[in-house]
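> Sequence plus the predicted model coming up.
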Amino acid sequence: MAAPPRMHCLHTSSDELWQSASVDIAALQHILSAHFRAQCRGFEPLGAGAFARVFLFSLENNMQVIGRVVLPVRESFKTEAEVAAMEFVRGIA
C-alpha cells in the first residue's frame, strides 16, 4: 500500500515556503495597469500572514488597489482564508 501524500505546508514553515515562492510584483503591476488603464506608481506591503501577503498598489490616477498573493498550499487553507478575508471586509465596510 502506498504511503499517503505528504502535505507540504504541514512539514515546512511558511517562511520557508515564501522563500521558495516567486512573487512577480512587476507582473502584478502590469496586470493592474492594464485593467485600470493607469500606470502603477508603486506599492507597499500591508501585511503578511502564514499563507498570504497583501500589498497596496498606487496608480497614477490616484486610485489605490489592494492585491493579495496566496501561497499554493492545501485548498482548504486557501478557502478558509478567502472566507475570513471576505468576512473581515464586510465587517469594516
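Cool, the structure landed. Residues are numbered from 1 along each chain as shown.

> For His30, grab the count of nearby residues.
13 (other Cβ atoms under 10 Å). Bear in mind the C-beta positions are built from the backbone N, C-alpha and C, glycine included.

> Tell me how far it lies from Phe57.
11 Å (Cβ to Cβ, to the nearest Å).

> hey, what's in contact with both of these two?
Cys40 (Cβ atoms under 8 Å, 6 or more residues apart in numbering).

> Which helix or which strand is home to the residue sitting nearest the centre point of the chain?
Centroid check for the chain by Cα atoms, centre = their mean gives Val69 as the closest residue, at 1.4 Å. Val69 is part of strand 64-70 when elements are defined by DSSP states H and E.

> list the helices and strands that strand packs on?
Helices and strands touching strand 64-70, by 3 or more Cβ pairs under 8 Å, 6 or more residues apart in numbering; DSSP states H and E, are helix 25-36, strand 52-59, helix 75-92.

> Contacts for the longest one next, please.
To tie it back to what came earlier, the one meant is helix 75-92. Taking Cβ under 8 Å, 6+ apart as the rule, helix 75-92 contacts 9, 49, 51-52, 68, 70.

> Looking at these, spot the one nearest His35.
Lowest distance from His35 to the contacts of helix 75-92 (Cβ to Cβ) belongs to Arg68, with 15.0 Å.

> Bridged to that closest one, which residues?
Listed by DSSP bridges, the beta-bridge partners for Arg68 are Val54.

> who are the neighbours in contact with it?
52-55, 85.

> export those residues to CSV and tack on neighbour count and pLDDT?
Converted to CSV, the contacts of Arg68 look like this (neighbours: other Cβ atoms under 10 Å; pLDDT from 0 to 100):
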residue, neighbour count, pLDDT
Ala52, 18, 78
Arg53, 17, 83
Val54, 15, 87
Phe55, 19, 90
Ala85, 15, 79
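
> Among the residues you listed, which pair sits farthest apart?
Phe55 and Ala85 (13.9 Å).

> Pull out the buried residues from stretch 30-38.
32-33, 38 (16 or more other Cβ atoms under 10 Å).

> Just put these in JSON lines and tack on distance to Asn61 and pLDDT.
Compiled in JSON lines, the buried residues of stretch 30-38 are given as follows (distance: Cβ to Cβ, whole Å; pLDDT from 0 to 100):
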{"residue": "Leu32", "distance to Asn61": "11", "pLDDT": "94"}
{"residue": "Ser33", "distance to Asn61": "10", "pLDDT": "95"}
{"residue": "Ala38", "distance to Asn61": "4", "pLDDT": "96"}
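
> Having no further points to raise, I will conclude here.
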